[in-house]
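Trainee: Sequence first, then the predicted structure, then my questions.
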Amino acid sequence: MNPSGKADLVLMGGSIPPWLFERMVKLALPVVESIVAEYGQNGFLSRLSDPFWFQSFGAVIGMDWNSSGVTTAVMSALKTSLNPHSNALGIYVCGGKGKQSLQTPNELMRVGNQTGLDGNYLAQCSKLSAKVDSTAIQDGFQIYMHHFIVSNKGEWSVIQQGMQTNTSKARRYHWNSDSVKSFVEEPHTAICGENQGQILNLVDKLALPSQQAILKLTHENPEKIIKELPHLLVPTYHQVKAKDVDLKRLGSILWLAQEESIQKFEDLLLLKGLGPRTLQSLALVSEVIHGTPARFIDPARFSFAHGAKGGRPFAVPTKVYDETIAALTASVEKAKLGQLEKAQAIKKLTKIAQETEQHFTPTDNFETLLKKEKEESWKYGGRTVKGFSEPSKPTQLNLFDE
């Protein structure tokens, strides 16, 4: 996984309704448990520090895929779901938004007392990472959200977000301890974002002669033009469009979700009976757990798991969401007892979907897919902030040719 990076996002209003946040919390736990069981604690932390994975995870749990609110939703859901299980998982989520972020050092001291880690050192890392992105990197974004996620081995990631109110944009900063050799010498593996022109970067290695310590950075004024590098820069419109989604990848998942397709693969027979729509969601959740970095370049695709609270691309299918949670939770619990078959079947979903991508040719029927999802939303308990979906006339879907 990419050890750190940035994401430029659109500021969007609106809170997360309780009926959706409760599901986010329930789904987050088995997803993280699956990642930790398969790839270790640092495997989860490295995923968090990848802005593309982070955005994909936010989409799969039901947030508007390109909203700055993804940061709040993901981190709030993770803190609520993981911290009661921190002793077993070995993962601790500290910090928050606004005044809550100021409690991060105290929370890290408590983590140190519980785990034997150096709480003072962790608190210092928290303060310095915030100082770098708010003061040393003067790009016009004011930090207002800070989360510090640490394992019981001392590995950590930082997720923090800044706001630029005059442009209605937010920027999210991702850190991972593996990439930090010095807080005052290029602690990020990349400084990237929408080109702001000349900005001040006092942690570039060329600025070393001007540095005495991070807290004295304001005494000097070395300048460095930050070049625009590849990064997650999402569009400002609300709807998901065909250009936002890799149709070949989405098509393989739609095909694999069909009952007749499941019967072709012996490894997937344990998933038989879940229903095509739930299998579609479970396949996308499986990719969030087991996918490699290159699989997350189109985060919008993951919104086809559970929609979004605003109904874009479609209403949240609450019945499907609940079945996905139940299936994944059951697989995790059985795996803890040494019964790995179902967990392996869920892992196979993403592997087989990737293999079958070779056999699909996308057509121009993306709008037909959206229309079908919206028309059938009522069958699956489709719900937005405005209420439940109503029945409408169905449309025949023929999105991909095998």
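Mentor: Structure's in. What do you need?
Trainee: now the helices for this protein?
Mentor: 18-39, 41-48, 51-60, 69-82, 86-89, 104-115, 119-131, 247-256, 259-262, 276-290, 303-306, 318-336, 341-356, 366-375 (DSSP state H).
Trainee: So for the first one, what gets flagged as buried?
Mentor: In other words, helix 18-39. 20-21, 23-37 (16 or more other C-beta atoms under 10 Å). Any C-beta I mention is one placed from the backbone N, CA and C, and that applies to glycine too.
Trainee: still on that earlier bit, with respect to the helices of the chain, which exhibits the lowest mean confidence?
Mentor: Comparing mean pLDDT across the helices of the chain, the weakest is helix 259-262, with a mean of 69.
Trainee: what's the burial count for the nearest residue to F141 once chain neighbours are set aside?
Mentor: Using C-beta to C-beta, 6 or more residues apart in numbering and skipping the chain neighbours, the partner closest in space to F141 is G162 (3.0 Å). Neighbour count of G162, defined by other C-beta atoms under 10 Å: 22.
Trainee: who does G162 bridge with?
Mentor: I143, R171 (DSSP bridges).
Trainee: Check the gap between the spatially most central residue of the chain and G5 for me.
Mentor: Closest to where the C-alpha atoms of the chain average out (C-alpha atoms, centre = their mean) is F54, at 2.3 Å. Going from F54 to G5 by C-beta to C-beta, to the nearest Å gives 9 Å.
Trainee: picking up where we left off before, would you mind confirming that the residue nearest to F141 makes contact with A170?
Mentor: Yes: checked against C-beta atoms under 8 Å, the pair G162 and A170 is within contact range at 6.7 Å.
Trainee: Next, show the common contact partners of these two.
Mentor: F141 (C-beta atoms under 8 Å, 6 or more residues apart in numbering).
Trainee: OK, contacts around the residue nearest to F141?
Mentor: 133-134, 139, 141-144, 170-173 are the contacts of G162 under C-beta under 8 Å, 6+ apart.
Trainee: Can you give me the pLDDT of G13?
Mentor: At G13, pLDDT is 65.
Trainee: hang on, the earlier thing: and the contacts of G162, which is closest to V150?
Mentor: Nearest to V150 out of the contacts of G162 is Y173 (C-beta to C-beta; 16.8 Å).
Trainee: From H85, how far off is the closest one?
Mentor: For Y173, the distance to H85 - C-beta to C-beta - is 27 Å.
Trainee: okay, the two: which has more neighbours?
Mentor: Between Y173 and H85, Y173 has the larger neighbour count (other C-beta under 10 Å), namely 29 against 13.
Trainee: which neighbours do F54 and G5 share?
Mentor: Shared contacts of F54 and G5, counting by C-beta under 8 Å, 6+ apart, come down to H174.
Trainee: List of residues touching stretch 370-390?
Mentor: 14, 17, 19-20, 240, 277, 304, 307-311, 313-320, 391-395, 397.
Trainee: mind exporting that stretch as PDB, just the C-alpha atoms?
Mentor: This file holds the C-alpha atoms of stretch 370-390, laid out as PDB (Å, rounded to 0.1, in the frame of the first residue of the first chain):
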ATOM      1  CA  LEU A 370     -28.200   3.400 -12.500                       C
ATOM      2  CA  LYS A 371     -31.800   3.400 -13.600                       C
ATOM      3  CA  LYS A 372     -32.200  -0.300 -12.600                       C
ATOM      4  CA  GLU A 373     -30.700   0.200  -9.200                       C
ATOM      5  CA  LYS A 374     -33.000   3.100  -8.500                       C
ATOM      6  CA  GLU A 375     -36.100   1.300  -9.800                       C
ATOM      7  CA  GLU A 376     -35.400  -1.800  -7.700                       C
ATOM      8  CA  SER A 377     -34.200   0.100  -4.600                       C
ATOM      9  CA  TRP A 378     -37.600  -0.300  -2.900                       C
ATOM     10  CA  LYS A 379     -37.100  -4.100  -3.000                       C
ATOM     11  CA  TYR A 380     -34.000  -3.900  -0.800                       C
ATOM     12  CA  GLY A 381     -35.300  -1.300   1.700                       C
ATOM     13  CA  GLY A 382     -33.700   1.600  -0.200                       C
ATOM     14  CA  ARG A 383     -33.400   4.600   2.100                       C
ATOM     15  CA  THR A 384     -32.000   8.100   1.900                       C
ATOM     16  CA  VAL A 385     -32.100  11.100   4.300                       C
ATOM     17  CA  LYS A 386     -35.500  11.900   2.700                       C
ATOM     18  CA  GLY A 387     -37.000   8.500   3.500                       C
ATOM     19  CA  PHE A 388     -37.700   5.100   1.900                       C
ATOM     20  CA  SER A 389     -37.800   4.400  -1.800                       C
ATOM     21  CA  GLU A 390     -41.100   3.800  -3.500                       C
END
